[in-house]
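# How does the following fold in three dimensions:
(2 chains, ligands or ions: 2)
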Amino acid sequence: MFKALRARLFQKYRTNKFPDAAPKLPEHFRGRPEFDKSAVDAEAWKSAAEVCPTEAINAQTPAIDLGKCIFCGKCAKANPAIRFSSEYRMGCMKRENLICNGSLPYTPDEQFDAGIKALFGKSLHIRQVSAGGCAACELDFNVLNTLAWDMGRFGLKVVASPRHADAVLVTGPVTNNMRLALKKTYDAIGEPKLVIACGACAISGGIYQTSEKASCGVEDIMKVDLYVPGCPPHPATLLEALVRFMGRKQLDNRA
Amino acid sequence: MDFLSFKNCESVALANIPVLDFADFRDTLKDLINCKNCRVSVFTVHGGKLYAVLLDPAKHCFKAGATAVGASYPALTNDIPGVHWFEREIFEQCNVIPENHPWLKPIRFENSDKPGVTDYFTMQGNAVHEVAVGPVHAGVIEPGHFRFQCMGEDVYNLEIELGYQHRGVEKMLVDSPAKLRNHLVETTAGDSSIAYALAYDGVISALAETPRPDLTERARILRTLALELERIANHVGDIGALAGDVAFLTTSAYCGRIRGDFLNMTAQLCGNRFGRNYVTYDGVEFDLPNHKLAAFRDWFERTVEDFKNAWLIMSDDPGALDRFEGTGTVPNEVMREIGAVGVAARAAGVDLDVRRDLTGIGVYDKLVWKCALKKSGDVIARAKTRRLEIRESIRMVRALLTWLESSNSPVSNNATAPEQFKADSLAVCAVEAWRGEVACAVFTGKAGNMERCKLVDPSFHNWFALALALRGEQISNFPICNKSFNLSYCGHDL
Ligand code: SF4
Ligand code: SF4
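Ligands and ions are numbered 1, 2, ... in the order given. Below is the predicted model:
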């Protein structure tokens, strides 16, 4: 026991300061893309659209679909007018709000659903289902459970049984082989229930959108209540989106 | 006739691969595997031929041979158990039947609309009961279906059916434009992105019509650094997960956080915690400039101290050890026979490590390190093998950081990735990922197009070892056995 106590002293308190302070993001972190919509050169824009591996860039109008984007940075190399900012807050409750028009500063301004806040504002129990993809999304969701992020602080909890869940958090494009299992898990959750699509795969099929063996994300199968972009979403992106979604608190409100 | 020898990251014309008659092929294969200590890296049917690519650790090279097959051929599994899973894959993926295979069933349910619905091995008797788990498991984990045949608490047989993560990576690679391919490869198993990126890079650089100029010194150092950071992060995570499963919460909690720190170091290199997009054809995407090395090393050393502390409190705890020791044993002969690789095999004394056995990837020949090896093949051996590998990787990272200081090359050699490849060729690249050997093989066609891309995850070799580890175990020991292997579902399912 003394060993454990000594270790505790040595390891100290390490839960990060988020949400009271902005999360520490690495230097090369790619967050919300930034570009000046009005000054975009049509040809240069097209060249960015051409290199995009996931068709996230609309060649006609200056807009990037964050639901398809895997934040690879290829577009910014082809067209330096595009820059990736360190704005990690990218979760949205409406699909159309994921279409990024390049303007910053950005404040997530979606209105919370008062109903969600009333029902789930204090606690949200999540059943996670992987339905294809590469497993990095679930790994970085799991990280919210470690003491670095400790999502329990916000009433967020992973549950094993769908019967205990308020929401299902889906990762992956939904493979044909997982469709039934996902559907059954969803059906087993009692009403009211929410669906969270985590990562480019789950939102749009992402890297796998042309796969013959998978759908193009969760929306092909069920209505989605929260979209969290990224490949995979940074833990800060996911946690911020979840807590904002619960209507608990507007986190890290930099102007 | 002998198989053709060639190096890691080297291409060979398909016409140069010897085509043996079937009996000769089988006997050569048996001899190489049973007497020459070779191991199967790739085993598949392509263009009417059954190809075997073996890794010869003594000669530091691959050996490839082929034999013509029609709609079926006599299964080799009965003679060479190490190919049993490959032959099931051939049956499912290539539509060729290995006759008299002892257990011929799909491994991924690629062509069926009822995943998991198949005949299972069952036992009869009043006291026997069957436990079926998954595809959706209790935690945040990928899907798979497990069938246990039990009597009371004791497991007599475990059968594992996968395929729920099957999204057709290999076919997509062939059909997709080049700009998507590296992303597909990196996400074959998202926790081994660097290893996969390196394996794919090894193959396409070998197949390029104009040879790629040598990678710069810095690029080679940084690639090796990224691969070792990936290894450390995942091994630390696994040790934490094992601790969690025996309710040793201090180690579990600390390792969870420390794994994150190592991932953040990878993010420091390239912006992404899983190293996405870091490996590029011309080297690596970003430099770790010399003026940032001191801070990086500092952070690394502090995190290493945290890890040592977290390991120490568990490493002699009688309660934890009691659960780990003698649990889920797969002995050396069995591991060899079924062709297991990586940490799990080394924990049973199978002395294989691609970093040492092959050249071509990273700068391992310039570093001082030892291949981690344990004997007992149980959960504690797998945990300790991880611990030893972490120690060796720490040594490597230290040396790499020092080396960076004195290296002033750029990180890019300005090469551009080839659009076309050498015609009618095969290139193979193997990389020691943290789980074990990741292999990538590309067959090109007449027009220099990619005709087939075969990916072999270490989990592909090792899932059966987990099934064997459970024999005679209590079913309540499944979680620690499973964590001690920590195999990939998506890497297997492709
Ligand atoms: S960063 Fe996003 S938008 Fe840009 S090329 Fe990559 S996937 Fe496309
Ligand atoms: S979105 Fe990206 S990280 Fe997430 S599962 Fe899909 S490929 Fe993996």
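
# Setting aside sequence neighbours, what's the nearest residue to A:Ala46?
Check again: residue A:46 is Lys, not Ala. Take A:Lys46 and drop its neighbours on the chain: the residue closest to it by Cβ to Cβ, 6 or more residues apart in numbering or on different chains is A:Ala59, 5.1 Å away. For every residue, glycine as well, the C-beta is placed using N, CA and C.

# what about that neighbour, which SS state?
coil (DSSP: H, G, I helix; E, B strand; the rest coil).

# can you pull the contacts of the nearest residue to B:Gly134 once chain neighbours are set aside?
In space, and not counting its chain neighbours, B:Gly134 is closest to B:His145: 4.6 Å by Cβ to Cβ, 6+ apart. When contacts are counted by Cβ atoms under 8 Å, 6 or more residues apart in numbering or on different chains, B:His145 touches B:115-116, B:132-135, B:160-162, B:164.

# ok, now how distant is B:Arg356 from chain A?
According to Cβ to the nearest Cβ, to the nearest Å, B:Arg356 and chain A sit 28 Å apart.

# domain ranges for the chain?
Since you didn't name a chain, this refers to chain A. Annotated domains of chain A cover A:33-100, A:114-245 [automatic domain parsing].

# oops, chain B please
Under the assignment named as automatic domain parsing, the residue ranges that make up the domains of chain B are B:4-99, B:213-414.

# which one of the ones you listed is the most hemmed in?
Looking across the domains of chain B with neighbours counted as mean count of other Cβ atoms under 10 Å in any protein chain shown, the highest average goes to domain B:213-414: a mean of 20.

# quick one: it near ligand 1?
No: contact check for domain B:213-414 against ligand 1, using Cβ under 6 Å from any ligand atom: none in range, with a minimum separation of 8.6 Å.

# For the residue nearest to B:Phe443 when sequence neighbours are not counted, give its distance to B:Pro18.
Taking Cβ to Cβ, 6+ apart as the measure, B:Phe443 lies nearest to B:Arg452, with 4.2 Å between them; neighbours along the chain are not counted. Distance of B:Arg452 to B:Pro18, computed by Cβ to Cβ, to the nearest Å: 19 Å.

# roughly how far apart are the residue nearest to B:Glu161 when sequence neighbours are not counted and B:Val133?
With sequence-adjacent residues excluded and distances taken as Cβ to Cβ, 6+ apart, B:Glu161 is closest to B:His145, at 4.4 Å. Distance check for B:His145 against B:Val133: by Cβ to Cβ, it reads 7 Å.

# Per-residue confidence, A:Asn97, what does it come out as?
Confidence per residue is given as pLDDT, and for A:Asn97 that number is 89.

# Number of residues surrounding it?
The burial metric for A:Asn97, expressed as a neighbour count using other Cβ atoms under 10 Å in any protein chain shown, is 16.

# ok but it is inside a helix, no?
Yes: counting by three-state DSSP, one finds A:Asn97 located in a helix.

# a markdown table please, covering the domains of chain B and showing distance to A:Pro53 and mean pLDDT.
As requested, those are exported to a markdown table (distance: least, Cβ to Cβ, whole Å; pLDDT from 0 to 100):
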| stretch | distance to A:Pro53 | mean pLDDT |
| --- | --- | --- |
| domain B:4-99 | 24 | 92 |
| domain B:213-414 | 10 | 93 |
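
# List the contacts of stretch B:181-188.
Identification of contacts with stretch B:181-188 by Cβ under 8 Å, 6+ apart yields A:53-54, A:70, A:72, A:133-134, A:136, A:207, A:231, B:169, B:172-173, B:176, B:193, B:196-197, B:199-200, B:276-277, B:279, B:440, B:455, B:457, B:490-491, B:494.

# now swap in stretch B:359-368 and tell me
Outside stretch B:359-368, the residues that reach it (Cβ under 8 Å, 6+ apart) are B:7-10, B:60, B:198, B:202, B:220-221, B:223-224, B:227, B:354-356, B:395-396, B:399-400, B:429-432.

# residues contacting residue 164?
No chain specified, so I'll use chain A. A:His164 makes contact with A:125, A:127, according to Cβ under 8 Å, 6+ apart.

# switch to chain B, that's the one I care about
A:131, A:175, A:177-178, A:181, B:115-116, B:135, B:142-145, B:489, B:493 are the contacts of B:Tyr164 under Cβ under 8 Å, 6+ apart.

# tell me which parts of the stretch 151-255 of chain A are close to ligand 2?
For the stretch 151-255 of chain A, the residues in contact with ligand 2 under the definition Cβ under 6 Å from any ligand atom are A:171-172, A:199-201, A:206-207, A:231-232.

# And those, which two are furthest apart?
The most widely separated members of these are A:Thr171 and A:Ile207, with 12.7 Å between them, by Cβ to Cβ.
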